[in-house]
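# Provided below for reference: sequence and predicted model.
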Amino acid sequence: MGKEFRNGIKDGIPIALGYFAVSFSLGIAMLAAGMTAVQGAVMSVSNLTSAGEFAGVRVIAAGGTLIELVLTQIIINLRYSLMSLSLTQKLDEKVKFWQKLIIAFGNTDEIFAVAMNHQKSLTLPYMVGLQSLPIVGWTAGTFLGAVAGGLMPTSVAMAMNVMLYGMFIAIVVPVAKKSRPVLIVASVAILASSLFRYVPWLHQISEGISIIVCTVVAATFGAIVFPVKEEEGAQ
Amino acid sequence: MNIWLFILAMAVVTYLIRMIPLTLIRGKIKNRFVRSFLYYVPYACLMAMTFPAVFHATEHVLAAALGVLVAIGLALKGKGLVTVAVAASVTVFLASLLLGFIAL
């Protein structure tokens, strides 16, 4: 095993733990929607998207159509295309086309976040290492959730939910501490997403769209007011 | 309705969304605006996903707020991802227990 791969595995551990908890509740939801544990596990290992899968399960439970399902997935998961776009700028120059096809598969919110936080340019071994444990955690959690149902106390599951948010905070805060522009961009994003949550008519907009709009607004604001210097940027 | 077909459709759509932008762009983008925009995307996106959603992810808003405070405090001190994530989670669990007792 190479050093890059091992580093990736290590960085993936907290993601895997958080995923296990979140996907456990996803498994429970799948069971309630009439899916089997195997179907749940296959959906998780092939999709790797919390919000997308929760929404997909809801469409299935409601007996929705295939078109409805596809549209839901596009809207909720469109933020990944922004993340993939951002990720291209951090990939090592030697990463080949077929390697990008593999890296793209596991580009989840958390893996993207940790990858962008990585000190070096991204290689295939690092990315495969980073993705492997979270994929196992996500799939195993879904399966066990669907099998064990509501065995885990809600308070434990909910506390574990917070783990992923804690990780996001741990990624942004140290950068915001050093960089005023990042602090301001982050604040704009928080303000925008709070508006979507608490203003009555904005609240009707789906979470997937809200995240995209908030990201685009805050990042555009940052790009106009605080354009990055040559050596910074999406390195 | 075939659940397997639904699962396949979801997987294909989600993969394409991730794969197309990743393979389309080759090399470094020169445009300063676009580079700046992409530099800020992770921070904007992560914060938009975290706040205010985190306050509604637990049984008690107060417990979540305490978890967030602990996470920010430890992150400011330069603690690693695992430490911050676990500490936030444990704080929320303990605070929920405590608040549960008070509510009883």
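The structure has been received and is ready for your questions.
# Look at A:I135 and say how many residues are nearby.
20 (other C-beta atoms under 10 Å in any protein chain shown). Quick note: C-beta positions are derived from backbone N, CA and C, even for glycine.
# ditto for A:S206
Around A:S206 there are 14 other residues, counting by other C-beta under 10 Å.
# With A:E93 instead?
Neighbour number of A:E93 under other C-beta under 10 Å is 8.
# and it, what is it in contact with?
Residues counted as contacts of A:E93 (C-beta atoms under 8 Å, 6 or more residues apart in numbering or on different chains) are A:S121, B:G27.
# got it, and A:I13?
A:L133, B:V82.
# Next, A:K120: phi, psi?
Note on A:K120: its backbone torsions stand at phi -110, psi 170 [degrees, to the nearest 10].
# give me every residue that touches it.
Taking C-beta under 8 Å, 6+ apart, one finds A:Y126 in contact with A:K120.
# Which elements pack onto the lowest-mean-pLDDT helix or strand in chain B?
Least confident element among the helices and strands of chain B, by mean pLDDT, DSSP states H and E: helix B:81-103 (a mean of 86). Applying 3 or more C-beta pairs under 8 Å, 6 or more residues apart in numbering or on different chains; DSSP states H and E, one finds that helix B:81-103 contacts helix A:3-32, helix A:154-178, helix B:61-76.
# in stretch A:221-230, what counts as buried?
By neighbour count with 16 or more other C-beta atoms under 10 Å in any protein chain shown, stretch A:221-230 contains the buried residues A:F221, A:G222, A:A223, A:F226, A:P227, A:V228.
# what do you get for stretch A:156-168?
Here stretch A:156-168 shows A:A157, A:M158, A:A159, A:M160, A:N161, A:V162, A:M163, A:L164, A:Y165, A:G166, A:M167, A:F168 as buried, counting by 16+ other C-beta under 10 Å.
# With distance to A:L101 as extra columns, can I get the residues you listed in a markdown table?
Below are those laid out as a markdown table (distance: C-beta to C-beta, whole Å):
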| residue | distance to A:L101 |
| --- | --- |
| A:A157 | 34 |
| A:M158 | 36 |
| A:A159 | 37 |
| A:M160 | 32 |
| A:N161 | 31 |
| A:V162 | 34 |
| A:M163 | 30 |
| A:L164 | 26 |
| A:Y165 | 30 |
| A:G166 | 32 |
| A:M167 | 26 |
| A:F168 | 27 |
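# okay but B:A11 is in contact with A:S46, surely?
Yes - at 3.8 Å, B:A11 counts as touching A:S46 under the criterion of C-beta atoms under 8 Å.
# These two - which one has more neighbours?
B:A11 (21 against 18).
# Sticking with that one, tell me its helix or strand.
For B:A11, the host element (DSSP states H and E) is helix B:3-24.
# related to what we said a few turns ago, tell me which two in the buried residues of stretch A:156-168 are the farthest apart.
Based on C-beta to C-beta, the longest span within the buried residues of stretch A:156-168 runs between A:A157 and A:F168 and measures 18.6 Å.
# quick one: the helices in chain A?
Here chain A has its helices, by DSSP state H, at A:3-32, A:37-47, A:50-61, A:66-77, A:79-88, A:97-105, A:109-117, A:124-148, A:154-178, A:180-198, A:207-225.
# Are the third one and chain B in contact anywhere?
Yes - using C-beta under 8 Å from any C-beta of the partner chain, helix A:50-61 comes into contact with chain B via A:G52, A:E53, A:G56, A:V59, A:I60.
# Report the contact partners of the second one.
Going back to what we said before, that points to A:E53. Contacts of A:E53 by C-beta under 8 Å, 6+ apart are A:L26, A:M43, A:S44, A:N47, B:M10.
# same thing with the fourth one?
Residues touching A:V59, when contacts are defined by C-beta under 8 Å, 6+ apart, comprise A:E68, A:L69, A:T72, B:F6.
# Could you rerun that using 6 Å?
Applying C-beta atoms under 6 Å, 6 or more residues apart in numbering or on different chains to A:V59 gives the contacts A:E68, A:L69, A:T72.
# Give me the subset of these that also touch chain B.
A:L69 (C-beta under 6 Å from any C-beta of the partner chain).
# could the contacts of A:V59 be laid out in JSON lines, adding pLDDT and neighbour count?
Listed next are these as JSON lines, based on pLDDT from 0 to 100; neighbours: other C-beta atoms under 10 Å in any protein chain shown:
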{"residue": "A:E68", "pLDDT": "84", "neighbour count": "12"}
{"residue": "A:L69", "pLDDT": "87", "neighbour count": "21"}
{"residue": "A:T72", "pLDDT": "82", "neighbour count": "21"}
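# Now flag whichever of the contacts of A:E53 is closest to A:F5.
A:S44 (23.1 Å).
# residue contacts, the closest one?
The contact partners of A:S44, taken as C-beta under 6 Å, 6+ apart, are A:W138, A:T139, A:T142.
# In CSV, list those residues along with distance to B:P21.
CSV is the format used below for these (distance: C-beta to C-beta, whole Å):
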residue, distance to B:P21
A:W138, 22
A:T139, 25
A:T142, 27
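# B:L69: which of those is nearest?
Ranked by distance to B:L69 (C-beta to C-beta), these are led by A:W138 at 28.3 Å.
# Thank you kindly, that will do.
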